[in-house]
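Student: Using only what follows, build the 3D model:
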Amino acid sequence: MLDQISQIRADAAQRVQTAATMTDLDAARREYLGKSGSIPALRRGLGALPADDRRTVGAAIHEALQTLTAAVEAREQELLDAEPALDTPLDVTLPGLPTGTGGLHPTIQLMYDLDDAFAALNFDRYTGPEISSELYEFDNLNFPPEHPARESMDTFWLAGMEGRSAGERLALRPHLTGASVRYMREHEPPFRFVYPGRVYRNETTDARHERAFYQYEVLLVDEKVPITAGKALVDTILATTFGHPVTTRMRTGFFPFVEPGFEIDMQCQVCGGEGCRTCHQVGWLEIMPGGVPHPNVLRAGGLDPDRWTGFYVNVGLDRLVMMRYGIDDVRLMHSADLRYLRQFA
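Tutor: Numbers count the residues shown, from 1 in each chain. This is a model prediction of the structure:
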């Protein structure tokens, strides 16, 4: 029996060492170490041996089993190390694979397009803080103390603001208009500037509303600014967005920070004015407020309203992008869905 074990052990070691592939090695493993293999068969025959021989033969079988198992594992590692990482040899003379290209988010792309258009008109670009205060977002903009926009149902106030007011009461900016006073206090008139950025509202999301979205504000201040200058600002924004003149209408509207104020509507570019989900079936989309800065806002900015006047517009960039690309749900803009974003890469 011991001679048989030695012969099987030598044959198995030879098979394992000469295995050229993982398939060959697996075949050797099954032949000698598998359930029906030679080594387990010897172990099952121990019961037929005399009691005095079982201990010696059993120890020899156990040693052969451990030695062959270690040899199989070592050979397996050698084969894996020698195995090429590629299915076929690498031809270094072939041209490389093209790399993928990224792209700007459509909202950011439109923002840059408008920046370029207004830079050509000699407008400055201003950036302000996203965390602002009640002083800049409401008090300086002529909002009355009881205005509902000051409530938490509309504005995201920072925690711990109870009992505070004015400059000590902080919030995520609900609009960009507060930057107009900041800019006026930091610069000398006349002014021409744009102020793009993200704003935050405590709103229920639907196809037309989001809690965080982008706006683009334009302010022109000079000693004499006709309403037609404001119309030129609107035309610049829409012509840059769509590449062609867009039909608009201006309706009288009330906003605390302008007097007179206007609701500026554009013809829906998704349905061409026929009516669709985006425009609530009316053919028009309220796209921006506008108007002449209120005298109290000019005073808050350190200007004399008897000398200085101007025109202001603030447009929702996400809504313009919806019109530009025919998108009917604003929630797609912030969904991080790669299927959506790859269309603009």
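Student: what bits of this protein have low per-residue confidence?
Tutor: Scanning the chain for pLDDT under 70 picks out the ranges 1.
Student: And the longest helix along the chain, what's buried?
Tutor: Longest helix of the chain, by residue count under DSSP state H: helix 51-82. Neighbour counts over helix 51-82 (16 or more other Cβ atoms under 10 Å) mark V57, A60, I61, A64, L65, L68, A71, V72, R75, E76 as buried. For glycine as for every other residue, the C-beta is placed from the backbone atoms N, C-alpha and C.
Student: now for it, which elements pack on it?
Tutor: helix 2-18, helix 22-33, helix 38-44 (3 or more Cβ pairs under 8 Å, 6 or more residues apart in numbering; DSSP states H and E).
Student: between these, which gets nearest to D139?
Tutor: D139 lies closest to helix 22-33 among the helices and strands packed on helix 51-82, at 76.7 Å (Cβ to Cβ).
Student: With just CA atoms, put that closest one into PDB.
Tutor: Backbone C-alpha positions of helix 22-33 (Å, rounded to 0.1, in the frame of the first residue of the first chain) are rendered in PDB as follows:
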ATOM      1  CA  MET A  22      -6.000  25.900 -16.000                       C
ATOM      2  CA  THR A  23      -8.000  23.300 -17.800                       C
ATOM      3  CA  ASP A  24      -5.200  20.800 -17.600                       C
ATOM      4  CA  LEU A  25      -4.700  21.600 -13.900                       C
ATOM      5  CA  ASP A  26      -8.400  21.200 -13.100                       C
ATOM      6  CA  ALA A  27      -8.300  17.800 -14.800                       C
ATOM      7  CA  ALA A  28      -5.300  16.700 -12.600                       C
ATOM      8  CA  ARG A  29      -7.000  18.000  -9.500                       C
ATOM      9  CA  ARG A  30     -10.200  16.000 -10.200                       C
ATOM     10  CA  GLU A  31      -8.200  12.800 -11.100                       C
ATOM     11  CA  TYR A  32      -6.100  12.800  -7.900                       C
ATOM     12  CA  LEU A  33      -7.900  15.000  -5.300                       C
END
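Student: and that helix, how far out from the chain's middle?
Tutor: Here helix 22-33 is found 52 Å from its chain centre; the criterion is Cα atoms, centre = their mean, to the nearest Å.
Student: would you turn the helices and strands packed on helix 51-82 into TSV with distance to R198 and mean neighbour count?
Tutor: TSV is the format used below for those (distance: least, Cβ to Cβ, whole Å; neighbours: other Cβ atoms under 10 Å):
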stretch	distance to R198	mean neighbour count
helix 2-18	66	15
helix 22-33	56	17
helix 38-44	70	15
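Student: I appreciate the help and will end here.
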